[in-house]
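Peer 1: attaching a predicted model along with its sequence, questions to come.
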Amino acid sequence: GENVEQHPSTLSVQEGDSAVIKCTYSDSASNYFPWYKQELGKGPQLIIDIRSNVGEKKDQRIAVTLNKTAKHFSLHITETQPEDSAVYFCAASMGHDMRFGAGTRLTVKP
Amino acid sequence: DTAVSQTPKYLVTQMGNDKSIKCEQNLGHDTMYWYKQDSKKFLKIMFSYNNKELIINETVPNRFSPKSPDKAHLNLHINSLELGDSAVYFCASSQVAYAYNEQFFGPGTRLTVL
């Protein structure tokens, strides 16, 4: 089955800096790669996703890149703000089976 | 309006008891899921239901049983609770059971087994 690895497990940045979280996946058949943000005491919420036929996608301060050959994808957050502090999960899926990475706890210091 | 709701939000119980967690979605989605999030925040899928049909059943003990009375509800029943069942359980739903569909998560139910 699919195995998703996510790094780093914790990330601390200064407000205004950029943050990058990286994930790798094992199943080349995976074709959908969402990123979720989980705030304290809440359920994960989708922030951006990318399909396998696209190499990059951007939404304001958030961007995701996908390298299908290397089977890795990354989340980039620019101009970080304290409200970006949360746990971020990458995931990979093919069909109904979605596998999540272990999560990255991002802390943005004011 | 809450899209995916779960009850209760907190559940504290003794080992050996039987408990249920309810989930409802008002998004008109076809597929619903249950995830377990352990103390290290790792999210693992347990079940999913599509039009009342179980389409995923991971290596979950048979003490856990999903029950779907209709498309909008997927309840989780747990028998003979064990200490290791302590976790946060999330319900989620998506429009259809294939790729490219965002999963909407509920707020979670924190289960503590004493």
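Peer 2: Nice, thanks for sending it over. Numbers count the residues shown, from 1 in each chain, chains lettered A, B, ... in the order given.

Peer 1: tell me where the chain has strands.
Peer 2: In the absence of a named chain, chain A is used. Listed in chain order, the strands of chain A (DSSP state E) span A:4-7, A:10-14, A:19-25, A:32-38, A:45-51, A:56-59, A:62-67, A:72-77, A:86-94, A:97-100, A:104-109.

Peer 1: that was the other one, I meant chain B.
Peer 2: For chain B, applying DSSP E gives strands covering B:4-7, B:10-13, B:19-25, B:31-37, B:43-50, B:53-57, B:64-70, B:73-78, B:87-94, B:104-105, B:109-113.

Peer 1: measure stretch B:25-33 end to end?
Peer 2: The straight-line separation of the ends of stretch B:25-33 (CA to CA, to the nearest Å) is 11 Å.

Peer 1: ok, now stretch B:57-67?
Peer 2: Start-to-end, stretch B:57-67 (CA to CA) is 13 Å.

Peer 1: before we move on, back to that, residue A:39 is nearest to which of the strands of chain B?
Peer 2: Closest approach to residue A:39 among the strands of chain B (CB to CB): strand B:104-105, 11.5 Å. Using the backbone N, CA and C atoms, a C-beta is placed for each residue, glycine as well.

Peer 1: what mean pLDDT would you report for that closest one?
Peer 2: Averaged across strand B:104-105, the pLDDT comes to 94.

Peer 1: just the closest residue of chain A to chain B, please.
Peer 2: residue A:43 (3.3 Å; CB to the nearest CB).

Peer 1: from chain B, which residue is nearest to chain A?
Peer 2: Of all residues in chain B, the one sitting closest to chain A is residue B:105 (3.3 Å; CB to the nearest CB).

Peer 1: centroid-nearest residue for chain B?
Peer 2: residue B:34 (2.9 Å; CA atoms, centre = their mean).

Peer 1: distance check, that one against residue A:51.
Peer 2: Per CB to CB, to the nearest Å, residue B:34 is found 26 Å from residue A:51.

Peer 1: pLDDT weak spots in chain B?
Peer 2: Counting by pLDDT under 70, chain B shows low-confidence ranges at B:1-2, B:52, B:56, B:97-99.

Peer 1: flag every residue of it that's near chain A.
Peer 2: For chain B, the residues in contact with chain A (CB under 8 Å from any CB of the partner chain) are B:4, B:31, B:40-45, B:48, B:50, B:55-56, B:90, B:92, B:97-100, B:102-108.

Peer 1: out of these, which end up buried?
Peer 2: Neighbour-count burial (16 or more other CB atoms under 10 Å in any protein chain shown) applied to these gives B:4, B:31, B:41, B:43, B:45, B:48, B:50, B:56, B:90, B:92, B:97-99, B:102-108.

Peer 1: count of neighbours near residue A:44?
Peer 2: Number of residues near residue A:44 (other CB atoms under 10 Å in any protein chain shown) recorded here: 27.

Peer 1: er, residue B:51 actually
Peer 2: Using other CB under 10 Å, the number of residues around residue B:51 comes to 11.

Peer 1: which other residues reach stretch B:11-23?
Peer 2: The contact list for stretch B:11-23, computed with CB atoms under 8 Å, 6 or more residues apart in numbering or on different chains, reads B:4-8, B:32, B:34, B:73-83, B:89, B:91, B:106, B:109-114.

Peer 1: residue B:34 is in contact with residue B:46, correct?
Peer 2: Yes: applying CB atoms under 8 Å as the test, residue B:46 and residue B:34 come out as touching, 4.4 Å apart.
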